[in-house]
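In: here's a sequence, model it:
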Amino acid sequence: MTREILAVALLAGFGLATGSVAAGPAEDLKVYQAYFEQHFPDFTPEDYTRGMYNFSQDKRAQYEAIMEFPPYEMAVEEGQELFATPFANGNSYSNCFENAGIGIAQTYPRFDAERGKVMTLGMAINDCRVQNGEEPLDVVKGPLVYIEAYMSEAARGKAIDITVPDDPRALAAYEEGKRIYFTRRGPRAFACYHCHWEAAGARIRGNELSPARGQAANFPAYRSKWGEMGSIQRRFKGCMEEFGAKPLKPGGEDMANLEYFHRRLSNGIPLNAPNNRF
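Out: Next comes the predicted model:
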């Protein structure tokens, strides 16, 4: 079966061709995994975390050289210090998370039944700040992302485990994230899946396109293009801008739902964040 035929079957199976919902999150994930296994049969779970570096020996060598002294190390150290610094009321971030925030990053985003919405790790960090009388932070770069990097480092190697509970609101959030992912946007009518499903492994603008499965395992990440750390929502925003679409608002509900769906694509893949990307 060709990739194009598989893509048509994919869309039909997900109810996107007809506008109906043909499958739930568990059924979706089986189809997603089968799709990528069909195209990359030799990939291990760890290979998916390498993304574009699987397809270029030269870039893989450059990446491995950079990782001898990862450019995100200082951000992790700063994030650890920020995480441990008490708020003005004497509490700290560890008071807001189970297990004092250690070894849990692989389970975010989560659906929060009390709030009735998806909470990303960045949102949970800001919620902790607000509950303790502090101002929220930028969710795409800076101190909040350093804290995310520290919490991710503390969970490195744990399998990503994003759940969609048996709650119609959670299912609606998941489905909205899926709709956003597969919807054509902007003057070029691109959707996320065009690059990272249909064209995964192909070259565009001098770079190889990474498969969607495994991408979320690497964020937050230091990108050479940014010259600093950034969240996955920063990458979403930049990608939308690159294909001419109006980006969703970082930290907003739509962006959170997109992250919920996208990160669930990587269930079972070991968390490999923070990481470095060109």
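In: so Val118: helix, strand or coil?
Out: strand (DSSP: H, G, I helix; E, B strand; the rest coil).
In: how close does it sit to Pro250?
Out: 14 Å (Cβ to Cβ, to the nearest Å). Backbone N, C-alpha and C define where each C-beta goes, glycine included.
In: kindly report the same for Leu137.
Out: Taking Cβ to Cβ, one finds Leu137 at 12 Å from Pro250.
In: hang on, the earlier thing: more neighbours: Val118 and Pro250, which one.
Out: More crowded of Val118 and Pro250, by other Cβ atoms under 10 Å: Val118, with 27 against 20.
In: partner residues bridging that one?
Out: Beta bridges link Val118 to Phe111 when assigned by DSSP bridges.
In: wait, isn't it in contact with Tyr260?
Out: Yes. Proximity of Val118 to Tyr260 meets the contact threshold set by Cβ atoms under 8 Å, at 4.6 Å.
In: need the residues touching each of those two.
Out: Overlap of the contact sets of Val118 and Tyr260 (by Cβ atoms under 8 Å, 6 or more residues apart in numbering) consists of Pro109, Phe111, Ala173, Gly177.
In: in CSV, list those along with pLDDT.
Out: Formatted as CSV, these follow (pLDDT from 0 to 100):
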residue, pLDDT
Pro109, 98
Phe111, 98
Ala173, 98
Gly177, 98
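In: can you show me the helices along this protein?
Out: Along the chain, counting by DSSP state H, helices occupy 3-13, 25-39, 45-50, 57-66, 73-84, 121-131, 143-153, 168-182, 192-193, 232-242, 253-264.
In: filter the shared contacts of Val118 and Tyr260 down to the buried ones.
Out: Among the shared contacts of Val118 and Tyr260, those buried by neighbour count (16 or more other Cβ atoms under 10 Å) are Pro109, Phe111, Ala173, Gly177.
In: tell me the domain ranges of the protein?
Out: If you go by automatic domain parsing, the domain ranges for the chain are 3-69+164-277, 73-153.
In: ok, of those domains, where does mean pLDDT dip lowest?
Out: The minimum mean pLDDT among those belongs to domain 3-69+164-277 (a mean of 90).
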